[in-house]
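Visitor: with the sequence up front, the predicted model follows.
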Amino acid sequence: MTTTAPSDVRPDPPHSSADRSLAEFGYHQELHRSLGRYASFAAGFSFISVLTTVFQFFAFGYAFGGPVFFWAWPAVLVGQLLVAACFAELAARYPISGAIYQWSSRLSNLTFGWFAGWIMVIGQIVVVAAAALALQMVLPAIWSGFQLIGTDPAPVSADGAANAAVLGVILLALTTLVNILDNRVMSVINRVGVTAEIIGAVLIVVLLLTHSERSPGITFHTTGAAQSGLFGALLVGSFTAAYVMIGFDSAGEMSEETRNPRRTAPRTILTALGAAGLLGGLIVLGGLLAAPSLTDGHLAVDGLSYVLTSSLGDGVGRVLLADVVVAIAVATLAIQTAACRMLFSMARDGQLPFSGRLARVNPRTGMPSAPALVVGVLAAALLLLNFASPEAFLAIGTTCIVMLYLAYAMVTGPLLVRRLRGEFSVEGTDETGTRLFSLGRWGTPVNALALLYGLFMTVNLAWPRAEVYDPAGGHWYFQWFTVLFLLVTLGTGALYRLLRAQRVHSAAPEAAPAVPEPTR
């Protein structure tokens, strides 16, 4: 698979159909429209980043679910494919940056959509921090010199947690720089990184499956699971799959930078999730089959890094882990880019503090620089929680999943209402004259199942299980961290909306910001 193609870097001509389509929604083209199909696919796949997320949360899933946690993977994949199918329809009809905010606003109303966007962008910032923390799972396994603080590399130890924060801040400084430079530079890094990740993931799958120590029947066992009962093991074990399979909407986030977005984005949303889901499931299965032991405790602490270096040898294992490092860096970059586009989209509508600055696009680079700095600084600040307690690693990881799942439900919910009222049109054509992607008569049942799945998983992930979030005891705030963080996010958003409404009401009418009215 080639990493570049002339068609992936050639911008659309002035006044192209994509630019005219954007004008229909009340915006003019500011971001540089230079991404092709593979670059769009890379945006979604690199956010999901199967190597980053599987290596980061495999140990957790195994510790609480045992081998049977594998079966949570196909269940989550099916659920997320339902959500992705709904998003593919919306990406074809609303090819605008800030996808979740824009879709929710246009399906419901501006206030509801604003909260969807607010929850999503805060969740994306938390995901950026969580992705940067993943370096701790691989760098010290490659070379002990990467353990800059203390001697214990385990992310659940005080040394490992602090070191993860240091490594994460260094990575965030680099990704923030790239997000300021140029969208073509960002695109090239994404495409090269995704190609390397796919090649590495396929190699890992092949090598693990050819070094199997046991049969696939082991996946029906709960051996060593900390969570009692099969159902409980699957519920907590599903955290790993849930954390991996988010961010496929990034292809929609990059619509204003994609050529032929109505045609391209729906397909890349589905293919990015499908490819990541398949590769991730095979890696999890291969890790379980190739692990030297399922009961010596290493798998529940060191995860897949332990499997690679012990089963494949230090040399091969470390080369593959180096590929994982590339995947982590590219994933952090892609997630930060998606968060930047959400901030830009909301600020462009005058819906955030300092909107004028956040909505400014550098005409030379085609990048909104201020959002990149905001996301980088806030994500780095979250990493400082790791110095307070190792439990912050899990708290940050699960919180970001809940935030994104809830934001997704705030899109699939209004979409279902519009379908039931007969107000969602399936008509229209894309840039090539082909009929827009549509679920047809399956739209309502798929949408309903997607919403039910999303709400169920949101509750499952946020449920304050003491044995999961505060295993050492004495840290009630970590046990309730996700719920408290969500409440603070909603409260802060509500306070800002109230103060903003008061300012607008007291100001002269001509001073009020002009916000494009969501189209129905």
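Guide: Received it, and whenever you're ready, just let me know what you need.
Visitor: buried ones in the helix ranked longest in the chain?
Guide: Criterion DSSP state H: the longest helix present in the chain is helix 314-348. Neighbour counts over helix 314-348 (16 or more other Cβ atoms under 10 Å) mark 317-318, 320-321, 323-348 as buried. Using the backbone N, CA and C atoms, a C-beta is placed for each residue, glycine as well.
Visitor: same thing with stretch 473-487?
Guide: For stretch 473-487, a neighbour-count test (16+ other Cβ under 10 Å) marks 475, 478-482, 484-486 as buried.
Visitor: and stretch 136-145, by the same measure?
Guide: Neighbour counts over stretch 136-145 (16+ other Cβ under 10 Å) mark 136-142 as buried.
Visitor: tabulate the residues you listed (TSV), appending distance to residue 404.
Guide: Output for those, formatted as TSV (distance: Cβ to Cβ, whole Å):
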residue	distance to residue 404
136	22
137	21
138	24
139	26
140	28
141	28
142	30
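Visitor: excluding its backbone neighbours, what's nearest the spatially most central residue of the chain?
Guide: The chain has residue 247 as the residue nearest its centroid, 3.3 Å off, counting by Cα atoms, centre = their mean. Spatial nearest neighbour of residue 247, chain neighbours left out: residue 47 (3.1 Å); criterion: Cβ to Cβ, 6 or more residues apart in numbering.
Visitor: for the record, mean pLDDT for the strand or helix carrying the one you found?
Guide: Here residue 47, judged by DSSP states H and E, is contained in helix 37-48. The pLDDT scores in helix 37-48 average 87.
Visitor: please begin residue numbering at 248 from this point
Guide: Okay, using 248 as the starting number, the last item reads as helix 284-295.
Visitor: that helix packs against which elements?
Guide: In terms of contacts (3 or more Cβ pairs under 8 Å, 6 or more residues apart in numbering; DSSP states H and E), helix 284-295 is packed against helix 253-256, helix 430-456, helix 497-500, helix 508-537, helix 561-595.
Visitor: mind checking which of the ones you listed is nearest residue 688?
Guide: When the helices and strands packed on helix 284-295 are ranked by distance to residue 688, counting by Cβ to Cβ, first place goes to helix 508-537 at 17.8 Å.
Visitor: mind checking the end-to-end distance for stretch 464-483?
Guide: 21 Å (Cα to Cα, to the nearest Å).
Visitor: buried residues, that stretch. List them.
Guide: Neighbour-count burial for stretch 464-483, counted by 16+ other Cβ under 10 Å, picks out 465-466, 469, 471-474, 477, 479-483.
Visitor: in a markdown table, list the residues you listed along with distance to residue 337, secondary structure and pLDDT.
Guide: Output for the buried residues of stretch 464-483, formatted as a markdown table (distance: Cβ to Cβ, whole Å; DSSP: H, G, I helix; E, B strand; the rest coil; pLDDT from 0 to 100):
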| residue | distance to residue 337 | secondary structure | pLDDT |
| --- | --- | --- | --- |
| 465 | 40 | helix | 91 |
| 466 | 35 | helix | 91 |
| 469 | 39 | coil | 81 |
| 471 | 42 | coil | 69 |
| 472 | 38 | coil | 75 |
| 473 | 39 | coil | 73 |
| 474 | 36 | coil | 70 |
| 477 | 36 | helix | 81 |
| 479 | 35 | helix | 83 |
| 480 | 35 | helix | 82 |
| 481 | 30 | helix | 88 |
| 482 | 29 | helix | 89 |
| 483 | 31 | helix | 87 |
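Visitor: mind picking the two most distant members of those?
Guide: Longest span within these, Cβ to Cβ: 465 and 482, 20.1 Å.
Visitor: ok, back up a step: the inter-axis angle of the helix holding residue 294 versus helix 508-537?
Guide: Interaxial angle, helix 284-295 versus helix 508-537 (axes from the mean of the first three to the mean of the last three Cα atoms, to 10 degrees): 50 degrees.
Visitor: from the chain's centroid, how far away is the helix or strand following helix 284-295?
Guide: Remark: after helix 284-295, the chain's next helix or strand is helix 297-312, criterion DSSP H and E. Offset of helix 297-312 from its chain centre (Cα atoms, centre = their mean, to the nearest Å): 15 Å.
Visitor: who does helix 297-312 touch, helix- and strand-wise?
Guide: Counting contacts by 3+ Cβ pairs under 8 Å, 6+ apart, helix 297-312 packs against helix 357-380, helix 430-456, helix 477-491, helix 508-537, helix 550-558, helix 561-595, helix 639-667.
Visitor: burial count for residue 605?
Guide: Using other Cβ atoms under 10 Å, residue 605 has 22 other residues around it.
Visitor: residue ranges with poor pLDDT in the stretch 648-767 of the chain?
Guide: Applying pLDDT under 70 to the stretch 648-767 of the chain picks out residues 754-767.
Visitor: oops, could you answer that again for the chain instead?
Guide: Along the chain, the parts satisfying pLDDT under 70 run over 248-268, 471, 475, 637, 640, 754-767.
Visitor: quick one: the helix holding residue 294 to helix 477-491, angle?
Guide: Helix 284-295 and helix 477-491 meet at an angle of 130 degrees, taking the same axes, to 10 degrees as the criterion.
Visitor: which residues touch helix 284-295?
Guide: Helix 284-295 is contacted by residues 252, 255, 282, 434, 437-438, 440-441, 444-445, 491-498, 500-501, 505, 508, 511-512, 514-516, 518-520, 522-523, 574, 577-578, 580-582, 584-585 when judged by Cβ atoms under 8 Å, 6 or more residues apart in numbering.
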